[in-house]
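Visitor: Fold the following, please.
(one chain, ligands or ions: 1)
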Amino acid sequence: MTNQNIHKTIIIGSGPAGLTAAIYSARANLSPLVIEGEPSSTSDQPGGQLMLTTEVENYPGFPDGVMGPELMMHFRAQAQRFGAEMITEKVSRVDLSGPPHGVWIGDPTRAEPTHQAWAIIISTGAKPLMLGLEAEERLIGHGLSTCATCDGFFFRNQHISVVGGGDSALEEAIFLTRFASKVTVIHRRDELRASKIMQDRAFANDRIKFLWNHVVAKIRGEEKLTGIEVRNTLTNETSDLDVTGLFIAIGHRPNTDLFADQLALKENGYLITKPDSSRTEIEGVFACGDVQDDVYRQAVTAAGSGCMAAIDAERWLESAGHG
Ligand code: NAP
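Guide: Just a heads-up that it's a prediction; the model follows:
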């Protein structure tokens, strides 16, 4: 591959972080190539996790709220308007031993990368953690969900459950009381991890009940969730819970499989970036959004960090003579 074929910037992932990086890089004349992922029902699809939500009410600039997929369509159109090139494919391998760095699409065993770039911006996001129960794959979307805002509507006047004790679980539970007659939060301990303000809100909500020291042992149902079996973590006793819906909100896992053997990760699997920067330990490799943020995890913070990554990449390209 000659230097002429080497892109200045490749952006992997196309949620708010990746597409903001694309807007900024494109406007800086860096002709970014965005490898946006493949359509699927999971969070690593083009557009990221907002593609799985309904209304987004806290993204600034939209006083009446905006639908998640619509917001991402605007991000994408804005990036394309300034010349970002989009490829709707999934990256199968990266080689960060450059710069230039290599990116593979399709067969990862091929010797030559499909694309090369001086700067790589990683914005592959995160996906919801699952419980690891046998029925999960079969019943996701059929009574089992990881997204209250997407699916809450289907449980009007029903008894449903949320698993988890963090902010996500309580946020989902509170949201779900708009629809459900009762929401039982199942938590494996007797103390919540969630922030005080969320705890206060949940405790004040009549429709939310807590099942402390319990885990979900089984999810029942063939084509549709028909109930769950829960297990007491102190006594090991099991019992049935008569719910029609189960929302799993036990945290997220960053999409770092492609990079795990090449970049340093935090203990919880998130990519490490240098303080106040999007730089990783490798020259020309930057990370932004939920793949490196285990604290805020908001669309607007992801977008902000995408902007940081584009500016960091631009400055690095300039200083390294590739600008
Ligand atoms: P989290 O804080 O990591 O909480 C995960 C919860 O799930 C914990 O209570 C954990 O139990 C439980 N859990 C984990 N694995 C489990 C399993 N296999 N079975 C049963 N329970 C399990 O994750 P999060 O709630 O998604 O929040 C992540 C970050 O985003 C936090 O920093 C949070 O503050 C932030 N966030 C903020 C907001 C907001 O401000 N509006 C909303 C959502 C998220 P243990 O407690 O026993 O570990």
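
Visitor: residues touching the closest residue to the ligand within the stretch 151-300 of the chain, list them.
Guide: Closest residue of the stretch 151-300 of the chain to the ligand, C-beta to the nearest ligand atom: residue 166 (2.4 Å). For every residue, glycine as well, the C-beta is placed using N, CA and C. By C-beta atoms under 8 Å, 6 or more residues apart in numbering, the residues touching residue 166 are 192-194, 249-251.

Visitor: do residue 113 as well
Guide: Neighbour list for residue 113: 1, 93, 95, 102-104 [criterion: C-beta under 8 Å, 6+ apart].

Visitor: Let's see which of the contacts of residue 166 end up in strands.
Guide: When the contacts of residue 166 are checked against strands (DSSP state E), there are no matches.

Visitor: Tell me the residues of this structure that contact the ligand?
Guide: 131, 163-169, 171, 188-189, 193, 195, 215, 250-252, 295, 297 (C-beta under 6 Å from any ligand atom).

Visitor: Mind giving me the PyMOL select for these, buried ones only?
Guide: To isolate the buried subset of the residues of the chain next to the ligand in PyMOL, counting by 16 or more other C-beta atoms under 10 Å, use the following:
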select buried, resi 131+163+164+165+166+167+168+169+171+193+250+251+252+297
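
Visitor: Which members of the residues of the chain next to the ligand occur in helices, if any?
Guide: Members of the residues of the chain next to the ligand lying in helices (criterion: DSSP state H): 167-169, 171.

Visitor: a markdown table please, covering those and showing pLDDT.
Guide: As requested, those are exported to a markdown table (pLDDT from 0 to 100):
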| residue | pLDDT |
| --- | --- |
| 167 | 90 |
| 168 | 90 |
| 169 | 96 |
| 171 | 91 |
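
Visitor: From the residues you listed, pick the one nearest residue 143.
Guide: residue 169 (17.6 Å; C-beta to C-beta).

Visitor: Listing partners with orientation, what would you give for the helix or strand bottoming out on mean pLDDT in the chain?
Guide: Lowest on mean pLDDT, DSSP states H and E among the helices and strands of the chain sits strand 55-56, with a mean of 74. According to DSSP bridges, strand 55-56 forms sheet pairs with strand 66-67 (antiparallel).

Visitor: Low-confidence regions, the stretch 1-150 of the chain specifically.
Guide: Applying pLDDT under 70 to the stretch 1-150 of the chain flags residues 1-4, 41-44, 52-54.

Visitor: give me the residue from it nearest the ligand.
Guide: For the stretch 1-150 of the chain, C-beta to the nearest ligand atom, closest residue to the ligand: residue 131, 5.6 Å.

Visitor: show me the residues around that residue that make contact.
Guide: Per C-beta under 8 Å, 6+ apart, neighbours of residue 131: 163, 216, 248, 250.

Visitor: Please tell me the pLDDT value assigned to the last one.
Guide: Yep, that's residue 250 we're talking about. Listed pLDDT for residue 250 reads 96.

Visitor: Does it touch residue 169 like I think?
Guide: Yes. The pair residue 250 / residue 169 is scored as a contact, 7.4 Å apart, by C-beta atoms under 8 Å.

Visitor: shared neighbours of these two, anything?
Guide: In terms of C-beta under 8 Å, 6+ apart, residue 250 and residue 169 are both contacted by the residues residue 163.

Visitor: Domain parsing of the chain, as residue ranges.
Guide: Segmentation of the chain into domains, based on automatic domain parsing, reads 6-128+252-319, 136-248.

Visitor: Next, give me the two most distant ones among the contacts of residue 166.
Guide: Once C-beta to C-beta is applied, the contacts of residue 166 give 192 and 251 as the farthest pair, at 13.6 Å.

Visitor: Identify the residues contacting the residue lying closest to residue 98 once chain neighbours are set aside.
Guide: Nearest non-adjacent residue to residue 98, counting by C-beta to C-beta, 6 or more residues apart in numbering: residue 284, 6.7 Å away. Applying C-beta under 8 Å, 6+ apart to residue 284 gives the contacts 98-101, 117-120, 313, 316-317, 320.

Visitor: Kindly report the same for residue 178.
Guide: Per C-beta under 8 Å, 6+ apart, neighbours of residue 178: residue 152.

Visitor: Am I right that it is in a strand?
Guide: No. Assigned with DSSP: H, G, I helix; E, B strand; the rest coil, residue 178 falls outside any strand and is coil.
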